[in-house]
Structure formats: structure tokens, C-alpha cells
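Engineer: Predicted model and sequence follow; I will ask about them next.
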Amino acid sequence: MSLDIVILAAGQGTRMRSALPKVLHPVAGDSMLGHVIHSARQLNPQSIHVVIGHGADIVRERLAADDLNFILQEKQLGTGHAVAQALPELTAENVLILYGDVPLIEVETLQRLLKKVSAEQLGLLTVNLADPTGYGRIVRDEQQRVSAIIEHKDATEAQKAITEGNTGILAVPGKRLADWLGRLSNNNAQGEYYLTDVIAMAVNDGLVVATEQPLDAMEVQGANDRKQLAELERHYQQREARRLMSLGVTLRDPARFDVRGDVSVGRDVLIDINVILEGRVFIEDDVVIGPNCVIKNSTLRKGSVIKASSHIDGAVLGEGSDVGPFARLRPGSVLEARAHVGNFVELKNAHLGEAAKVGHLTYLGDAEVGARTNIGAGTITCNYDGANKFRTVLGEDVFIGSNNSLVAPVDISSGATTAAGSTITQDVAAKQLAIGRARQRNIDGWKRPVKIKKD
């Protein structure tokens, strides 16, 4: 059956005490609304409509995409009013209503809910809570059939004792929705048009309200303040940690590990404490990641090792290569098999050939380094003239002495050597020795300057 999805994301979130719209506050590196949109897309709907209000311009700007239709709710008059703004755009057989501040909802839960929907039946996601304060209560008749939802502020004391709460997530037959929304009233404590009143209407119209529940109550937890936001963050990270461990990853401490993106892992991976994985990260078998590392949008091939406090961004590490400690690989960096990058080395758009070595205290930008080439400490590529970038090309088995400045564009051919302390401005042919330093002079009788006393 065809499906339209409506995501309600118009709320201000005053308890966040922030200029940022509530739905844009991040959980695990993505906005809460971004997480909901990601789940919605996996259901393959014919359309996704996002109802926005507070901070509409910035929400639209941050999340604009070809498959999203943003609909402005100029006045926030309740959830029923919000869905009504999307009505002219809804043409599918079924409509699923989600919330932009409920980021942990699982796709599998929504799929189970959608199976409940038919022309004569709607699906309602509920949750049993020890403390349902603030939740609308699910009212059932003597046969335990859902008869209505009563908002907390409108509930009697007896109704407040009900522990089954409404999550707000609802799947309904599209042909019925317009009629129900048109009959909503704002005669309640809040003076708003409640979407939940649709339930009683459906029952009166002879429809069955079929309920489904999440496997984990945190799936339907929203965030109205920073404390709840932090709780969502921790729960997400615990869930990711469990998933990775089930796939063969050893986490030294699952409580000190963060995923902020999409991570694919092999077996027998070891990850130490305080590691952050961001964006798209691919980790193959037998990779070891030391403590305090940040790895973003990178691929780590089989057996590669990243030592403590290294930052890897947009890089590819070849089989058996090693990096760090305290190394930084910027976008475009590629290490072939068994390449070595040591401490306090920075690479940017640099390609290291098989078994090439860059030991320490070095910067290589816009560089091609051949197999087995060794680069001494303190070497830099001078790749930028203030306006344009230029490449440095080193052949195979090149030996670069310590404290070299390689002024690009320059080509140092295979087997060549450069002396320590050299500034290399010209190409070096194969197997040549290049010395580019001033001749040393020793001056006798040199007197050091002395500090001038001030009056």
C-alpha cells in the first residue's frame, strides 16, 4: 500500500532555553529531526511532509532535500491542526504521523505498526510506563478495546492511574483522515486541536484501534529539555555499543565510546576508550584503535592500527598500516599497505605508497610518496604560494633527510637522497644526492648582544 508520512516539527521547545529550534538539537551527531527523517525514508513512502513553525527558515535550510516537502504551520494550535496543514498534500492509502523530537524510533517498530492499518482499522503506538506523567492515557473498554485517549491535563484522577500512555505516533487510512480532522474541537484545557481526539472518532465510526508497542520505551522518548536530550544521547550510544559488540568488536569501555554516524565493522576489532566515530566509517577485521581518537568519514583496512589521540578525517588506511600517536590525517590522505605515519605528523591530500614511512614532526600536503620512501623528522612540503596549491612527487625508495623544506612543484625521482637541513626547490634525478643548504661559517670572537638597560 502507498504511504504518506507527516512529521510534526513546529514546536518551539522553550525549555531548551536555546535560539535553535528544538528539533535541530543534536543526538549522536545528527539533529533529532534528521534521525526521524532517516527512519521515515527507510519505509519507502511516496512522500514525506515536514510541518514546521518556530525557526521554520533554519529548519528548512538545514534539512532541505528533494524528497522532503516542508509545510508551514503559522500558528501552533495543536497536533491536530498541524496535521491538517498537510492534508492537501496527502494522497496515499495510508498516513503515518511521526514527531520531530522523537529521534530513537526504530524502523522495525514502525513497520509493525503499519501492518495494523486497513480501511477499517488504524494503528496506534502506545507504551507502558511506570510513571506516565505528561502522557495522554489510553482508555479501554471492558473488552480491553481502545475507546479514547485522554490528555494528562484533562484526565480524572482515575484516568491518571492508567499506565498505558500515548506516544502520538499514529498510522491511519488516508481516506478517513480529512473527515476526522475536520471534526476536531479545541474545547479542552489547552485550547488546542488534539490529534488524539481522532481515536474516539474512529471508534464511534466503527473502526478498530489496533495498538503496537516498541520493544524499548526509549524509542518513543522525546526531548523537551537538555536533560532529556542527554538521556537520549546516552541511550543511543549504549544501543550502538551493543550492536557493534554483537558484530565482533571489543570495546574497552562501552560507556566511553561514541558513534555519530553510520559505522560498518568487521570481526576482532579493538576500540579503546574515548573514541569518537563520525560520519561514514568502514572498519575491517583486526583493526586496533587506541584511546582518545576521532575518526570521521574514513576507511580502515584489515589490520591497520591507530594509536592514541590521533585524528583521521576523510582518509583511507591500507592493510597493516599504522598511524600515531598524535597524528592527523586530513581529507584525501591515503596510506597503502604497511605505510607508517608517526607522532605529530599531518597529512592532507597525500598518498603514501606501500611501506612508506613518515616518522614524526612532519607535514605533507598535496604529495605523492612512492613505496618504501622514508621521510625524516621536521620535513614539510611547501605546497601553497598564497594563491595556488602545488604537488610534491617523491618516487620509490627516496630518502628525505631531517628538517627538509620541499618547495612545490618539485619531483624527486626514485632512489634519490636529500641531505638534512635542505631546502629543495629543483627536481632531483634518480639516485642523486641533493644538498640545498647554506655553507656553514664559524666566526671567531663573536660577542653576543647584551640587554640595554632602561633609564
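Structural biologist: Happy to help now that I have it.

Engineer: How about the contacts made by the residue nearest to residue 390 when sequence neighbours are not counted?
Structural biologist: Spatial nearest neighbour of residue 390, chain neighbours left out: residue 408 (3.7 Å); criterion: C-beta to C-beta, 6 or more residues apart in numbering. Yep, even glycine has a C-beta here, placed from its N, CA and C like the rest. Neighbour list for residue 408: 366, 381-383, 389-392 [criterion: C-beta atoms under 8 Å, 6 or more residues apart in numbering].

Engineer: Secondary structure for those residues - can I get that in TSV?
Structural biologist: Converted to TSV, those look like this (DSSP: H, G, I helix; E, B strand; the rest coil):
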residue	secondary structure
366	strand
381	strand
382	strand
383	coil
389	strand
390	coil
391	coil
392	strand
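
Engineer: pLDDT on stretch 258-266, on average?
Structural biologist: Averaging pLDDT along stretch 258-266 gives 97.

Engineer: Report all helices and strands that the lengthiest helix in the chain contacts.
Structural biologist: In the chain, assigned by DSSP state H, the helix with the most residues is helix 226-246. Packed against helix 226-246 by the contact rule (3 or more C-beta pairs under 8 Å, 6 or more residues apart in numbering; DSSP states H and E) you find strand 26-27, strand 249-251, strand 257-265.

Engineer: quick one: average confidence on the one helix or strand residue 279 maps to?
Structural biologist: According to DSSP states H and E, residue 279 maps onto strand 275-283. Confidence over strand 275-283 (mean pLDDT, whole number) is 98.

Engineer: Partner strands of it, with direction?
Structural biologist: strand 257-265 (parallel), strand 294-296 (parallel), strand 299-300 (parallel) (DSSP bridges).

Engineer: The very next helix or strand once past the shortest one pairs with which strands?
Structural biologist: Going down the chain from strand 299-300, the next helix or strand is strand 305-306, by DSSP H and E. Sheet pairing here is set by DSSP bridges, and for strand 305-306 it gives strand 288-289 (parallel), strand 322-323 (parallel).

Engineer: could you dump the ones you listed to TSV with mean neighbour count?
Structural biologist: Formatted as TSV, these follow (neighbours: other C-beta atoms under 10 Å):
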stretch	mean neighbour count
strand 288-289	22
strand 322-323	25
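
Engineer: Redo those strands as TSV? Include mean pLDDT.
Structural biologist: Shown next, in TSV, are these (pLDDT from 0 to 100):
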stretch	mean pLDDT
strand 288-289	98
strand 322-323	98
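
Engineer: For residue 185, find the nearest of those strands.
Structural biologist: The closest of the strands paired with strand 305-306 to residue 185 is strand 288-289. By C-beta to C-beta, the value is 57.5 Å.

Engineer: My guess is residue 432 contacts residue 418. True?
Structural biologist: No: counting by C-beta atoms under 8 Å, residue 432 stays clear of residue 418, with 9.2 Å between them.

Engineer: Which one of these two is surrounded by more residues?
Structural biologist: Using other C-beta atoms under 10 Å as the criterion, residue 432 and residue 418 rank with residue 418 on top: 27 against 13.

Engineer: Make sure residue 34 is indeed in a helix.
Structural biologist: Yes: Residue 34: assigned to a helix according to three-state DSSP.

Engineer: give the contact list for it.
Structural biologist: Applying C-beta under 8 Å, 6+ apart, we find residue 34 in contact with 63, 103.

Engineer: With residue 77 as the reference, measure out to it.
Structural biologist: Residue 34 sits 26 Å away from residue 77, going by C-beta to C-beta, to the nearest Å.

Engineer: next one: residue 179
Structural biologist: Using C-beta to C-beta, we find residue 179 at a distance of 19 Å from residue 77.

Engineer: And the pLDDT for the closest residue to residue 35 other than its chain neighbours?
Structural biologist: Nearest residue to residue 35, sequence neighbours excluded (C-beta to C-beta, 6+ apart): residue 103, at 3.6 Å. We have a pLDDT of 97 for residue 103.

Engineer: Look up phi and psi at residue 103.
Structural biologist: With angles defined as degrees, to the nearest 10, residue 103 sits at phi -80, psi -10.

Engineer: For burial, what's the neighbour tally of it?
Structural biologist: Residues lying near residue 103 (other C-beta under 10 Å) number 29.

Engineer: and if you look at residue 185?
Structural biologist: The tally of other residues near residue 185 (other C-beta under 10 Å) stands at 9.

Engineer: which residues does it contact?
Structural biologist: Neighbouring residues of residue 185 by C-beta under 8 Å, 6+ apart: 193, 197.

Engineer: Also residue 226?
Structural biologist: Listed by C-beta under 8 Å, 6+ apart, the contact partners of residue 226 are 16-17.

Engineer: Equivalent analysis for the one 5 residues further on, please.
Structural biologist: By C-beta under 8 Å, 6+ apart, the contact list for residue 231 reads 218, 221, 223.

Engineer: circling back: wait, what's in contact with the residue nearest to residue 35?
Structural biologist: The neighbourhood of residue 103, defined by C-beta under 8 Å, 6+ apart, consists of 27, 30, 32-36, 223, 232, 236.

Engineer: do the same with residue 251
Structural biologist: Contact analysis of residue 251 by C-beta under 8 Å, 6+ apart lists 241, 244-245, 257, 271.

Engineer: From those residues, list the buried ones, please.
Structural biologist: In those, burial by neighbour count holds for 241, 244, 257, 271, counting by 16 or more other C-beta atoms under 10 Å.

Engineer: Take those residues and lay them out in a markdown table including distance to residue 125.
Structural biologist: Output for the buried ones among the contacts of residue 251, formatted as a markdown table (distance: C-beta to C-beta, whole Å):
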| residue | distance to residue 125 |
| --- | --- |
| 241 | 26 |
| 244 | 27 |
| 257 | 30 |
| 271 | 34 |
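
Engineer: out of those, what pair is the most spread apart?
Structural biologist: Greatest spacing in the buried ones among the contacts of residue 251, by C-beta to C-beta: 241 and 271 (9.5 Å).

Engineer: Spit out the residues that contact the two alike.
Structural biologist: Shared contacts of residue 241 and residue 271, defined by C-beta under 8 Å, 6+ apart, are found at 251, 257.

Engineer: State the mean pLDDT of stretch 365-383.
Structural biologist: Mean pLDDT, stretch 365-383: 98.
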